[in-house]
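**Student:** Model the structure of this input:
(2 chains)
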2 protein chains.
Amino acid sequence: MCVAGCMDAVRAAVRREGVSRRGFFRGTGAGTVAFAATAVAPAGRALAGPAPGPAAAMLGEGRRVIDLTHTLTADFPTFLGDPAITFEDRAVFDKDGYNMKTWTLVEHTGTHLDAPVHFSENAAAVEAIPVETLVVPLAVIDVTAAADADPDHLLSRADLDAFEAAHGKLPAGCCVAMHSGWGKLATSDTGRFLGRDIDGTMHFPGIAPEAALWLLKERDVAGLAVDTLSLDKGASQDFPTHKIWLPAGRWGLENVANLDQAPASGATLVVGLPKVKDATGAPVRLLALA
Amino acid sequence: MCVAGCMDAVRAAVRREGVSRRGFFRGTGAGTVAFAATAVAPAGRALAGPAPGPAAAMLGEGRRVIDLTHTLTADFPTFLGDPAITFEDRAVFDKDGYNMKTWTLVEHTGTHLDAPVHFSENAAAVEAIPVETLVVPLAVIDVTAAADADPDHLLSRADLDAFEAAHGKLPAGCCVAMHSGWGKLATSDTGRFLGRDIDGTMHFPGIAPEAALWLLKERDVAGLAVDTLSLDKGASQDFPTHKIWLPAGRWGLENVANLDQAPASGATLVVGLPKVKDATGAPVRLLALA
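**Tutor:** Numbers count the residues shown, from 1 in each chain, chains lettered A, B, ... in the order given. Below is the predicted model:
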């Protein structure tokens, strides 16, 4: 129970003792922005707080949290050209004493997950994806050289073989992520990210259907991830990789960010998937614990 | 490049070799639903796949992922009485070959995060919350007995002292979660969850402003969490705990689920916060790694 005058007293205490200057991050300071702009945060290190800081209990000293998520803005590129998200004020501080907005968005927007039902009549929707398939080993397949030479590059069986030759067999239950180099274009060069030709056809890399089929049959993989707009290459007209992968009860991740900062193997991916009933996909927070 | 006929061939292969029956979870089987309905999933155990399965690399054998998230449906209770979410079809399988929806929702809906700017003119919005404060030690304070006796119970300094006497000092950078027992009412007994009296005033437990102030000054806490609709008790008219906590640059979590399944200490909470620019809050996926 907060007795009359309590709020004034605690506000004065906060001002007097400067508690808002302590701890993890400042509400308004430039430090917050600067820190948040860095994708890789050292685990166990607080901005202005005492050691050992967060995540240390789980991750151990020297481990880190890598943010694989783009910031979602209204003008983030979308596959169909819809605005990525629009906002309406539901409450504003000056008038109501607090801030709150309403969002309208297509559920496949920004860094997001495709649920099995996205390309199926009745496969699993978002809320039915088992929670333990959202915390999985991450394998990052670097195809930047091939994609740089050919924007229509499809991650192939040969790319998977090269990964396994270097890093060992894909771990059970993993996420296989294509790192094409397109992630950094999403906000810096939207034209090249979409790659539209004179006919309007998009050109960006994707995952070969044959590679997806091999992963389904020969390896134990929870999901595929790409740093482009689609599991299929941009020029695809029939989405074969989507059609192989999702109805088989697997998920996909699109518009993944910062894959250049993740190790090829050894990290754990946590898929922060809002648990929206009957959703065919959702914007997610992707954190790699490395 | 998928040559003509390729899709037919791979579809036939999928049918023939039954790859859709292998691996993590079925797209349509009853097993998916049954499994997803269980909040606690054993780490390293796939539904129908080979050992060791996901999460094992990070968590180790015997560790588990606990889902602290309610499924978000249109009729999930909200503070202002708005629908929690509404949907429109953007594409439907029969007509378009795939499923996709548009959502409209108030950003403080379901299991969600309050950003500092929710109760401040210019504190940090969602995308500015440092990523390492989203992977933190979880401390669960059990106030079920007191809340059962008094729905207006406020988690107090005494409750925090009792926790520390039993479990040691709150770990640096942690999330302090109030487990009042209200979580299970959110979907089973909405009337009791809201606790409206004859005047319409809500009655449910919250966190005492004095306890929040002590945590700000004396401990290193990234966020508060409650299994009710609000950090403040339901009968609060002036939201003192929100006003102390959020403008100091900390986050809050509301409508947390399944806290009865989380250990009092020792788990790591991952806050799957969609990175929406300028948002004052967002529905989240909360996973405790225990």
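**Student:** how does chain A divide up, domain by domain?
**Tutor:** Domain ranges of chain A: A:1-51, A:112-289, per automatic domain parsing.
**Student:** Would you mind saying which of the ones you listed lies nearest chain B?
**Tutor:** domain A:112-289 (1.7 Å; C-beta to the nearest C-beta). Where you see a C-beta, it was placed from the backbone N, CA and C, and this is true even at glycine.
**Student:** ok now the closest one, how far from the chain's centre?
**Tutor:** How far domain A:112-289 lies from its chain's middle: 11 Å, per C-alpha atoms, centre = their mean, to the nearest Å.
**Student:** Just the endpoints, please. Distance across that domain?
**Tutor:** Counting by C-alpha to C-alpha, to the nearest Å, you get 18 Å between the two ends of domain A:112-289.
**Student:** ranking the domains of chain A by burial, who's on top?
**Tutor:** domain A:112-289 (a mean of 22; mean count of other C-beta atoms under 10 Å in any protein chain shown).
**Student:** Save the domains of chain A as a markdown table, and put in mean pLDDT and distance to B:Asp232 too.
**Tutor:** Shown next, in a markdown table, are the domains of chain A (pLDDT from 0 to 100; distance: least, C-beta to C-beta, whole Å):
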| stretch | mean pLDDT | distance to B:Asp232 |
| --- | --- | --- |
| domain A:1-51 | 37 | 9 |
| domain A:112-289 | 98 | 24 |
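**Student:** Out of the ones you listed, which gets nearest to B:Trp103?
**Tutor:** domain A:112-289 (7.2 Å; C-beta to C-beta).
**Student:** Make JSON lines out of the domains of chain A and add distance to A:Gly81.
**Tutor:** Output for the domains of chain A, formatted as JSON lines (distance: least, C-beta to C-beta, whole Å):
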{"stretch": "domain A:1-51", "distance to A:Gly81": "27"}
{"stretch": "domain A:112-289", "distance to A:Gly81": "10"}
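**Student:** is it possible to export those to TSV including distance to chain B?
**Tutor:** Listed next are those as TSV, based on distance: least, C-beta to the nearest C-beta, whole Å:
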stretch	distance to chain B
domain A:1-51	3
domain A:112-289	2
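**Student:** any idea where the helices of the stretch 151-290 of chain A begin and end?
**Tutor:** In the stretch 151-290 of chain A, the segments counted as helices under DSSP state H, counting those that start in this stretch are A:157-167, A:185-188, A:190-194, A:209-218, A:240-245.
**Student:** Just send those helices back as JSON lines, with distance to A:Cys175 too.
**Tutor:** Converted to JSON lines, the helices of the stretch 151-290 of chain A look like this (distance: least, C-beta to C-beta, whole Å):
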{"stretch": "helix A:157-167", "distance to A:Cys175": "13"}
{"stretch": "helix A:185-188", "distance to A:Cys175": "19"}
{"stretch": "helix A:190-194", "distance to A:Cys175": "22"}
{"stretch": "helix A:209-218", "distance to A:Cys175": "11"}
{"stretch": "helix A:240-245", "distance to A:Cys175": "12"}
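**Student:** Show the residue spans covered by the strands in the stretch 101-250 of chain A.
**Tutor:** Secondary structure of the stretch 101-250 of chain A (DSSP state E, counting those that start in this stretch): strands located at A:112-114, A:135-142, A:154-155, A:174-179, A:206-207, A:221-226.
**Student:** Distance to A:Pro283 added to the ones you listed, as TSV?
**Tutor:** Converted to TSV, the strands of the stretch 101-250 of chain A look like this (distance: least, C-beta to C-beta, whole Å):
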stretch	distance to A:Pro283
strand A:112-114	5
strand A:135-142	18
strand A:154-155	24
strand A:174-179	17
strand A:206-207	20
strand A:221-226	14
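**Student:** who's in contact with stretch A:183-202?
**Tutor:** Contacts to stretch A:183-202, defined as C-beta atoms under 8 Å, 6 or more residues apart in numbering or on different chains, come from residues A:70-71, A:76-77, A:151, A:182, A:203-204, A:227-229, A:234-235, A:255-260.
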